Structures are given as C-alpha cells and as structure tokens.
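A.B. asks: sequence below, structure please.
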Amino acid sequence: MTESSEWLIYRGAGEPHDGMSRLPPPPPWRDFAGRYAGAGEGDGDGSRDRRLGAHRHLAELHRPGAEELEMINAALYLRRPLLVTGSPGAGKSTLAHSVAYELGLGDVLRWSIVSRSALQDGLYHYDAIARLQDVQIAAQGGFGAAGGSPGAVEAIGSYIRLGPLGTALLPSDTPRVLLIDELDKSDIDLPNDLLNVLEEGEFQIPELERIADRLPDGEAEVLTADGTKVRVRDGRVRCRAFPFVVLTSNGERDFPAPLMRRCIHLELGRPDHNRLATFVRAHLGDEAARAGDDLITRFLERSRSELLAADQLLNAIYLTDAAAPPSRDRLADLLIQRLDRPR
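C.D. replies: I've put the predicted structure just below:
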C-alpha cells in the first residue's frame, strides 16, 4: 500500500479486514453519541455542540457584527420573528442556538421545512388511527370505554403530540427559541398560513375543544416536541412569552409582503477570514484553525465567484488534518466543490 493510501479505511480490495478499528472519532458536528451520553449541560440531544462547536470557548473573542446584534435584539424587544437570509453555511441556523445558549433559553426547538410541510405539522399531530386501533384492541379484551382505556374521553391526549411551533407557544415565563429552518423550501401556501399564528401567539386543537366540557377540569395531557407531557386547557394553546422565532432562508424565493412586515429581516453577508477562522476554531480547536489557514484563504478567494458553504471548509480541514494524505490540496478541492456548478 502506498503512503498516500494509508489513511484509507475502505480499500476496494474485495477482502474482509479490520480497517474499522482504525477509524478515528467522528467530526464534532457529526458526533451523535451526545444524544445518549456526553452532551453538554442543558444540551439534551447534543445539537448545541454540533451547531456551536465543541470548542466554542476558544472562539469567545469573536462577536457578531453591529447590524447582526441590532437586528437580533430588535426581534427580542419587539417580540417579532427574525427572518435570516444568507448563503448555505453562513451561520443562519447557528444563530438560534447561540441566542438560546447565551440567554439560557433551553434547547432549541427545530422545525425543518420540506416541500410537503404544512402549518399543521408545526402545531400538532392527532393520531386518530392509532387511537382507533387501541380502542378495537381494548374492546376485544373486554375493557370497553372504562376510565383510562383508549376509548375513554380523558385518554385522547395520549394521541396528540405538539409540533415544534405548538410547543414553542406553550405558556411559560421565558420564551423558547424556535428555529423554522429553510422556509424557502416550503410550498407557496405555508408562509401565508403562518401569519395568524405568529401574529396572535395562539392556536386551537379542535379535537380537544369539542370535548373540553367532558374532560376533567377541561384539561388533557398531551406530549410536546421535547417528549415531555403538559396539560392543555379547553383545547387552546396560548403563549405568555412570545417565542424567539428564527426563520431561515437561502434566498431561493421571495416571501409575501404580509410575512415580511411581521418579521425583522437580517441578511448575513459573506463571512470574512476572521469569522471563518473563528468558525473552524469553535468546531475543531485552535491548532486545526492554524493548520487550515491556507484552506481558509483559498476558500475565501473561490467564494468570490463560486457558491460555497462553510460546512465544506470544515469537512476539508478536518479530513486533511486527520488523514494527512500527501495529496492534501487535491482532496480539499474534491470536498469543496461549487454548489452552483452546472448539473
């Protein structure tokens, strides 16, 4: 085996071997073991470390720009959603985690938007089919609609789970942070469908409203997006502290004027060398940032004429440092390919 291929785990040799024993730990932003053990304090699923960086204390000297700070604080003061636009990897999603971490607002609730996303997905889901199945099973066992059985009125809450938006609107003394990620991926109706909920800070659950007078104290216990149980009264969820809502967009489409006027708009520009170095330092440490300084410089030069994402830079610095193949520049170029290249 040549020196340039010593870092390879899969060799394409067609014979089993123990190469997996040589696989190093994953990059910090792809380490999912923190979901079960080792996540930072208050970081239940490890997502904060993956977003802000396991070495974020080394990047503490970096501060957001004046305009960025002003727009974030404007959204906090005015209790308005913050619409953040920028190129992929510019740090739009990380902003939500940064605010939650600094202000002690708990884990970020995340609603990742796809083309099929609807308002209902963000608010709640009622699993009527599961309840019907449980009722049928209980009837076969002779339990009928006895208290506590699936057919009992008070059992309906077991089949309702609040979505990220619904959970963020639960009444609390301090706001939750909600990240509605890549809103520009939605279909044409979702931005308009969000208007009333974001304006009023409340919504109804018709399945609970209809039977509120038959529920104990008008309350049903439902599951939240966090996996905890809360009581909802009279089928209505109404916030006390409006959540800090961050809507992100890659700028692939325009949004309707009614949504824009309800939001504070922040556009993140192309990061400079210092910001990229801080980004790398937060995820990989000071030594990796110094070793990858030339890659940061090349990345900035290319990004003037090509669409690139900062995630690609992290991948290149991590792999060329961990594997250290002689063909470092070639491998970095393979990992940092322009996102707007013709298909």
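
A.B. asks: isn't residue 93 up against residue 177?
C.D. replies: No. Residue 93 is beyond contact range of residue 177, at 11.3 Å (criterion: Cβ atoms under 8 Å). The C-beta positions use only the backbone N, C-alpha and C, and glycine is treated the same way.

A.B. asks: out of these two, which sits in the more crowded spot?
C.D. replies: Taking other Cβ atoms under 10 Å, residue 93 and residue 177 do not tie; residue 177 has more neighbours (23 against 20).

A.B. asks: give me the pLDDT for the spatially closest residue to the more buried one that is not a sequence neighbour.
C.D. replies: Distances taken as Cβ to Cβ, 6 or more residues apart in numbering put residue 100 closest to residue 177, at 4.0 Å, once the chain neighbours are dropped. You'll see residue 100 listed with a pLDDT of 91.

A.B. asks: contact partners for residue 100?
C.D. replies: Listed by Cβ atoms under 8 Å, 6 or more residues apart in numbering, the contact set of residue 100 reads 48, 106, 107, 108, 177, 244.

A.B. asks: ok, back up a step: hey, what's in contact with both of residue 93 and residue 177?
C.D. replies: Joint contacts of residue 93 and residue 177 (Cβ under 8 Å, 6+ apart) are residue 246.

A.B. asks: can you give me the buried ones in the host helix or strand of the residue nearest to residue 177?
C.D. replies: If you go by DSSP states H and E, residue 100 is part of helix 92-103. In terms of neighbour count (16 or more other Cβ atoms under 10 Å), helix 92-103 has its buried residues at 92, 93, 94, 95, 96, 97, 98, 99, 100, 101.

A.B. asks: the residue nearest the centre of the chain and residue 164, how far apart?
C.D. replies: Centroid-nearest residue in the chain, with Cα atoms, centre = their mean: residue 110, separated by 4.2 Å. The gap separating residue 110 from residue 164 is 6 Å, by Cβ to Cβ, to the nearest Å.

A.B. asks: please save the CA atoms from the helix holding residue 100 in PDB.
C.D. replies: Provided in PDB are the C-alpha atoms of helix 92-103 (Å, rounded to 0.1, in the frame of the first residue of the first chain):
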ATOM      1  CA  LYS A  92     -28.200  31.200   9.900                       C
ATOM      2  CA  SER A  93     -29.200  28.100  12.000                       C
ATOM      3  CA  THR A  94     -26.300  28.500  14.400                       C
ATOM      4  CA  LEU A  95     -27.600  32.000  15.300                       C
ATOM      5  CA  ALA A  96     -30.700  30.500  17.000                       C
ATOM      6  CA  HIS A  97     -28.500  28.100  19.100                       C
ATOM      7  CA  SER A  98     -26.200  31.000  20.000                       C
ATOM      8  CA  VAL A  99     -29.100  33.100  21.300                       C
ATOM      9  CA  ALA A 100     -30.600  30.200  23.300                       C
ATOM     10  CA  TYR A 101     -27.200  29.400  24.800                       C
ATOM     11  CA  GLU A 102     -26.200  32.900  25.800                       C
ATOM     12  CA  LEU A 103     -29.700  33.800  27.200                       C
END
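
A.B. asks: can you start the count at 29 instead of 1 from here on
C.D. replies: Okay, residue one is now 29; in that scheme the one you just asked about reads as helix 120-131.

A.B. asks: show me what the next helix or strand after that helix is packed against.
C.D. replies: For helix 120-131, the following helix or strand on the C-terminal side (DSSP H and E) is strand 137-140. In this structure, strand 137-140 makes packing contacts with helix 192-196, strand 205-209, judged by 3 or more Cβ pairs under 8 Å, 6 or more residues apart in numbering; DSSP states H and E.

A.B. asks: picking that back up, so what pairs up with the residue nearest to the centre of the chain in the strands?
C.D. replies: residue 207 (DSSP bridges).

A.B. asks: and residue 147, what does it touch?
C.D. replies: Neighbours of residue 147 in contact, by Cβ under 8 Å, 6+ apart: 193, 218, 221, 222, 225.

A.B. asks: 7 Å instead?
C.D. replies: Contact partners of residue 147, counting by Cβ atoms under 7 Å, 6 or more residues apart in numbering, are 218, 221, 222.

A.B. asks: which one of those residues is nearest residue 338?
C.D. replies: Set against residue 338, the nearest of those by Cβ to Cβ is residue 218 (26.9 Å).

A.B. asks: excluding its backbone neighbours, what's nearest that closest one?
C.D. replies: The shortest distance from residue 218 to any non-neighbouring residue, by Cβ to Cβ, 6+ apart, is to residue 145 (6.1 Å).

A.B. asks: ok, now residue 233?
C.D. replies: Closest residue in space to residue 233, ignoring its immediate chain neighbours: residue 263 at 4.7 Å, by Cβ to Cβ, 6+ apart.

A.B. asks: would you agree that neighbour is in contact with residue 232?
C.D. replies: Yes. Here residue 263 reaches residue 232: they are 5.8 Å apart, a contact under Cβ atoms under 7 Å.

A.B. asks: and the residue nearest to the centre of the chain, how far from residue 273?
C.D. replies: 12 Å.

A.B. asks: show the pLDDT at residue 145.
C.D. replies: We have a pLDDT of 96 for residue 145.

A.B. asks: from residue 301, how far out is residue 156?
C.D. replies: Distance, residue 156 to residue 301, by Cβ to Cβ: 55 Å.

A.B. asks: same question, residue 146
C.D. replies: From residue 146 to residue 301 the distance is 42 Å (Cβ to Cβ).
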